[in-house]
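K.L.:
kindly generate the corresponding structure for this input.
(chains A and B)
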Amino acid sequence: GDSVTQMEGPVTLSEEAFLTINCTYTATGYPSLFWYVQYPGEGLQLLLKATKADDKGSNKGFEATYRKETTSFHLEKGSVQVSDSAVYFCALSSAGGTSYGKLTFGQGTILTVHP
Amino acid sequence: EAGVAQSPRYKIIEKRQSVAFWCNPISGHATLYWYQQILGQGPKLLIQFQNNGVVDDSQLPKDRFSAERLKGVDSTLKIQPAKLEDSAVYLCASRLSSGHEQFFGPGTRLTVL
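P.N.:
This is a model prediction of the structure:
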């Protein structure tokens, strides 16, 4: 079945540091890929997405590129802020069949940014 | 545009009691999902509806969990009887039939004592 693996956390950075959170996936067909963010006390919010190979999703300074050859979708940001402290989830959406649109999530990575 | 609404936000019950959660999706979203998020883990799909029909309930523990979506709009998820391991956040999400993005509600945090 489909699966998503995220890098082990938590991740602790100083403000303005470079961020990378690794994500790899296993899936049949051509899934869509997502990064969701969960701020303390809030629900899941879509951060960015990519629906086909070599697509780059971007939002709020975050970027991720859909790499089919390495089955990866790593999240990056050049300069993190304290307000980026949250839990980040990588997810994929099934490519077809009766479970179209079903999201399979990674385990989440806790990011803490210090001033 | 109003988002996905869920209630209650928090619930504490004793084991073997029953509990129900309610979800109102975004207007016009035909597809509705219930996820279970155990602390420290990613959300796991419990059930998927398309309008008022079940598309996927393969991960739903049917001996104690049930869900319905009468009239293809609001949905309820019930647990009866609850176990300690059911302590989690229950998330509802909705999606347009033609879209990729799921929109999530704030979740209901369930604590089973």
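
K.L.:
excluding residues flanking it in the chain, which one is nearest residue 90?
P.N.:
Assuming you mean chain A. A:C23 (3.6 Å; C-beta to C-beta, 6 or more residues apart in numbering or on different chains). All C-beta atoms are positioned from the backbone trio N, CA, C, and that covers glycine.

K.L.:
I was after chain B.
P.N.:
B:T108 (4.8 Å).

K.L.:
just the strands in chain B please.
P.N.:
Secondary structure of chain B by DSSP state E: the strands cover B:5-7, B:10-13, B:19-24, B:31-37, B:44-50, B:53-56, B:65-68, B:75-79, B:88-95, B:103-104, B:108-112.

K.L.:
same list (these) but as TSV, adding distance to A:L46 and mean neighbour count.
P.N.:
Shown next, in TSV, are those (distance: least, C-beta to C-beta, whole Å; neighbours: other C-beta atoms under 10 Å in any protein chain shown):
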stretch	distance to A:L46	mean neighbour count
strand B:5-7	17	16
strand B:10-13	24	14
strand B:19-24	18	19
strand B:31-37	14	24
strand B:44-50	17	21
strand B:53-56	21	15
strand B:65-68	24	18
strand B:75-79	21	19
strand B:88-95	10	24
strand B:103-104	8	22
strand B:108-112	20	18
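
K.L.:
can I get those in a markdown table with mean pLDDT?
P.N.:
Listed next are these as a markdown table, based on pLDDT from 0 to 100:
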| stretch | mean pLDDT |
| --- | --- |
| strand B:5-7 | 96 |
| strand B:10-13 | 97 |
| strand B:19-24 | 97 |
| strand B:31-37 | 95 |
| strand B:44-50 | 94 |
| strand B:53-56 | 91 |
| strand B:65-68 | 96 |
| strand B:75-79 | 97 |
| strand B:88-95 | 95 |
| strand B:103-104 | 93 |
| strand B:108-112 | 97 |
